[in-house]
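Enquirer: Okay, sequence plus prediction incoming.
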Amino acid sequence: MIINVFNNYPKEISFDFKKIIKDLEQYESNKEISLILVDLDEIHKINKEYRNIDRPTDVISFEADLEDEITSPEDDLYAGDIFLCIDKVYEQAKSYGHSVEREFAFLLCHGILHLHGYDHMNSFEEKEMFAKQEEILEKLNYRR
């Protein structure tokens, strides 16, 4: 997998997010993803505009929608965009009592799985998706 990073976070990030991205690029996929790192204000705007939810969130994934366009075989390799809120990484890591590295890896993995068709809209899907997340994070040594 190829993850193209766009760091729009206005402050310095105090952990090695690039290593985590490199680790997660090992996920069994030939897809390409854009990862956009943002702050609370930006994720709030995106959540409100695209999901009609008026509050910040931690991660939002947008699958590539190529059905209405003329596509080439290369286009089929583009999975979509992931917006990940760095402020939420720090907040949730503290709240859950684990490292910011683990939280960033979890959120990125969560977003990647959404782009690969996983979801958690019912208990069966949630169980399947969360098991896959834990399998990937365990394999890469990002434990709680």
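Expert: Structure's in. What do you need?
Enquirer: Name the residues that touch the least confident helix or strand in the chain by mean pLDDT?
Expert: Ranking every helix and strand in the chain by mean pLDDT, DSSP states H and E puts helix 123-139 at the bottom, with a mean of 91. Contacts to helix 123-139, defined as Cβ atoms under 8 Å, 6 or more residues apart in numbering, come from residues 24, 27, 102, 105-106, 109-110, 113, 118-120, 143. C-beta coordinates here come from the backbone N, C-alpha and C atoms, glycine included.
Enquirer: ranges for the helices of the protein?
Expert: In the chain, helices defined by DSSP state H lie at 17-24, 40-51, 86-96, 100-115, 123-139, listed in chain order.
Enquirer: Counting by contacts, list what the third one packs against.
Expert: Using 3 or more Cβ pairs under 8 Å, 6 or more residues apart in numbering; DSSP states H and E as the contact criterion, the neighbours of helix 86-96 among helices and strands are helix 40-51, helix 100-115.
Enquirer: out of the ones you listed, nearest to F17?
Expert: F17 lies closest to helix 100-115 among the helices and strands packed on helix 86-96, at 5.8 Å (Cβ to Cβ).
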